[in-house]
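Student: Structure, please.
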Amino acid sequence: MDCDEFIARVRERGEYRSTDEAQKITEDVLEVLAQRIDAGQAEDLASRMPDPLGRALTGPGRRQPEEFGIEEFYRRVADRTGARPRTAQWDAGAVLTTVADAVAGGELDQVVSRLPAGYAVLFGRSDPAG
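Tutor: As a prediction, the model looks like this:
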(Lines give C-alpha, C1' and ligand atoms only; values in the text may rest on other atoms or scores of the structure.)
Protein backbone atom coordinates (compact mmCIF):
# COMPACT_ATOMS: atom_id res chain seq x y z
CA MET A 1 0.00 0.00 0.00
CA ASP A 2 1.41 3.40 -0.92
CA CYS A 3 1.05 6.60 1.12
CA ASP A 4 -1.86 7.99 -0.91
CA GLU A 5 -3.85 4.79 -0.52
CA PHE A 6 -3.05 4.62 3.20
CA ILE A 7 -4.25 8.20 3.78
CA ALA A 8 -7.35 7.60 1.62
CA ARG A 9 -8.29 4.62 3.82
CA VAL A 10 -7.75 6.63 7.00
CA ARG A 11 -9.82 9.47 5.55
CA GLU A 12 -12.66 7.09 4.71
CA ARG A 13 -12.58 5.24 8.06
CA GLY A 14 -12.29 8.41 10.08
CA GLU A 15 -14.78 10.33 7.93
CA TYR A 16 -12.38 13.28 7.68
CA ARG A 17 -13.18 16.30 5.54
CA SER A 18 -9.86 16.40 3.72
CA THR A 19 -6.75 14.44 2.87
CA ASP A 20 -4.70 16.98 4.85
CA GLU A 21 -6.78 16.32 7.97
CA ALA A 22 -6.36 12.55 7.56
CA GLN A 23 -2.60 12.99 7.04
CA LYS A 24 -2.25 15.11 10.20
CA ILE A 25 -4.31 12.69 12.32
CA THR A 26 -2.24 9.79 10.97
CA GLU A 27 1.05 11.43 11.90
CA ASP A 28 -0.25 12.40 15.36
CA VAL A 29 -1.45 8.88 16.17
CA LEU A 30 1.77 7.28 14.91
CA GLU A 31 3.88 9.70 16.96
CA VAL A 32 1.98 8.76 20.12
CA LEU A 33 2.35 5.07 19.28
CA ALA A 34 6.11 5.68 18.90
CA GLN A 35 6.19 6.97 22.49
CA ARG A 36 4.76 3.63 23.68
CA ILE A 37 6.84 1.07 21.74
CA ASP A 38 10.57 0.45 21.85
CA ALA A 39 12.95 1.76 19.19
CA GLY A 40 13.42 -1.65 17.55
CA GLN A 41 9.68 -2.16 17.19
CA ALA A 42 9.28 1.37 15.86
CA GLU A 43 12.04 0.83 13.28
CA ASP A 44 10.56 -2.51 12.16
CA LEU A 45 7.07 -1.09 11.91
CA ALA A 46 8.31 2.05 10.11
CA SER A 47 10.15 -0.07 7.53
CA ARG A 48 6.83 -1.67 6.56
CA MET A 49 4.90 1.59 6.39
CA PRO A 50 4.64 3.68 3.21
CA ASP A 51 7.00 6.64 2.94
CA PRO A 52 6.90 9.18 4.53
CA LEU A 53 4.55 7.84 7.22
CA GLY A 54 7.16 5.59 8.81
CA ARG A 55 9.12 8.68 9.84
CA ALA A 56 6.40 9.54 12.35
CA LEU A 57 7.47 6.41 14.23
CA THR A 58 11.22 7.05 14.11
CA GLY A 59 11.50 10.83 14.13
CA PRO A 60 14.12 12.89 15.92
CA GLY A 61 14.20 12.94 19.69
CA ARG A 62 13.42 9.25 20.02
CA ARG A 63 13.56 8.22 23.69
CA GLN A 64 13.00 5.12 25.73
CA PRO A 65 9.43 3.86 25.45
CA GLU A 66 7.03 5.05 28.10
CA GLU A 67 4.59 2.74 29.81
CA PHE A 68 1.03 3.98 29.67
CA GLY A 69 -2.35 2.40 29.20
CA ILE A 70 -4.97 2.91 26.57
CA GLU A 71 -6.71 5.83 28.31
CA GLU A 72 -3.43 7.75 28.44
CA PHE A 73 -2.88 6.88 24.77
CA TYR A 74 -6.24 8.50 23.95
CA ARG A 75 -5.41 11.52 26.10
CA ARG A 76 -2.10 12.01 24.29
CA VAL A 77 -3.73 11.70 20.89
CA ALA A 78 -6.39 14.19 22.00
CA ASP A 79 -3.69 16.63 23.15
CA ARG A 80 -1.97 16.43 19.77
CA THR A 81 -5.12 16.70 17.69
CA GLY A 82 -7.06 19.13 19.86
CA ALA A 83 -9.93 16.65 20.10
CA ARG A 84 -11.87 15.14 22.99
CA PRO A 85 -10.70 11.70 24.22
CA ARG A 86 -13.69 9.95 22.61
CA THR A 87 -12.83 11.53 19.27
CA ALA A 88 -9.18 10.58 19.82
CA GLN A 89 -10.32 6.97 20.25
CA TRP A 90 -12.08 7.18 16.87
CA ASP A 91 -8.97 8.77 15.31
CA ALA A 92 -6.64 6.12 16.74
CA GLY A 93 -8.89 3.34 15.46
CA ALA A 94 -9.03 4.82 11.96
CA VAL A 95 -5.25 5.04 11.77
CA LEU A 96 -4.27 1.82 13.51
CA THR A 97 -6.71 -0.43 11.66
CA THR A 98 -5.16 0.97 8.49
CA VAL A 99 -1.72 0.15 9.90
CA ALA A 100 -2.99 -3.41 10.39
CA ASP A 101 -4.03 -3.50 6.72
CA ALA A 102 -0.62 -2.24 5.57
CA VAL A 103 1.71 -4.29 7.78
CA ALA A 104 2.23 -8.05 7.63
CA GLY A 105 0.58 -9.97 10.46
CA GLY A 106 3.72 -11.28 12.17
CA GLU A 107 5.35 -7.88 12.60
CA LEU A 108 2.14 -6.29 13.80
CA ASP A 109 1.45 -9.19 16.15
CA GLN A 110 4.83 -8.59 17.82
CA VAL A 111 3.98 -4.94 18.46
CA VAL A 112 0.42 -5.63 19.66
CA SER A 113 1.51 -8.49 21.94
CA ARG A 114 3.80 -6.14 23.87
CA LEU A 115 1.10 -3.55 24.50
CA PRO A 116 -1.26 -3.69 27.47
CA ALA A 117 -4.91 -4.67 27.32
CA GLY A 118 -7.09 -2.45 25.20
CA TYR A 119 -4.65 -1.71 22.40
CA ALA A 120 -5.41 -4.80 20.29
CA VAL A 121 -8.90 -3.58 19.38
CA LEU A 122 -7.42 -0.41 17.89
CA PHE A 123 -5.60 -2.59 15.37
CA GLY A 124 -8.77 -4.52 14.58
CA ARG A 125 -7.77 -7.53 16.63
CA SER A 126 -9.65 -9.14 19.49
CA ASP A 127 -8.30 -8.23 22.91
CA PRO A 128 -7.22 -11.39 24.74
CA ALA A 129 -7.63 -9.59 28.07
CA GLY A 130 -11.17 -8.55 27.47
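
Student: What is the burial count for the nearest residue to Lys24 once chain neighbours are set aside?
Tutor: Distances taken as C-beta to C-beta, 6 or more residues apart in numbering put Thr81 closest to Lys24, at 7.6 Å, once the chain neighbours are dropped. Yep, even glycine has a C-beta here, placed from its N, CA and C like the rest. Neighbour count for Thr81, taken as other C-beta atoms under 10 Å: 18.

Student: Read off the pLDDT value for Thr81.
Tutor: pLDDT recorded at Thr81 is 95.

Student: dump the residue contacts of it.
Tutor: Residues in contact with Thr81 (C-beta atoms under 8 Å, 6 or more residues apart in numbering) are Lys24, Ile25, Asp28, Thr87, Ala88, Asp91.

Student: will you turn these into JSON lines that also has pLDDT, secondary structure and neighbour count?
Tutor: Compiled in JSON lines, these are given as follows (pLDDT from 0 to 100; DSSP: H, G, I helix; E, B strand; the rest coil; neighbours: other C-beta atoms under 10 Å):
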{"residue": "Lys24", "pLDDT": "97", "secondary structure": "helix", "neighbour count": "15"}
{"residue": "Ile25", "pLDDT": "97", "secondary structure": "helix", "neighbour count": "26"}
{"residue": "Asp28", "pLDDT": "96", "secondary structure": "helix", "neighbour count": "23"}
{"residue": "Thr87", "pLDDT": "95", "secondary structure": "helix", "neighbour count": "16"}
{"residue": "Ala88", "pLDDT": "96", "secondary structure": "helix", "neighbour count": "24"}
{"residue": "Asp91", "pLDDT": "97", "secondary structure": "helix", "neighbour count": "26"}
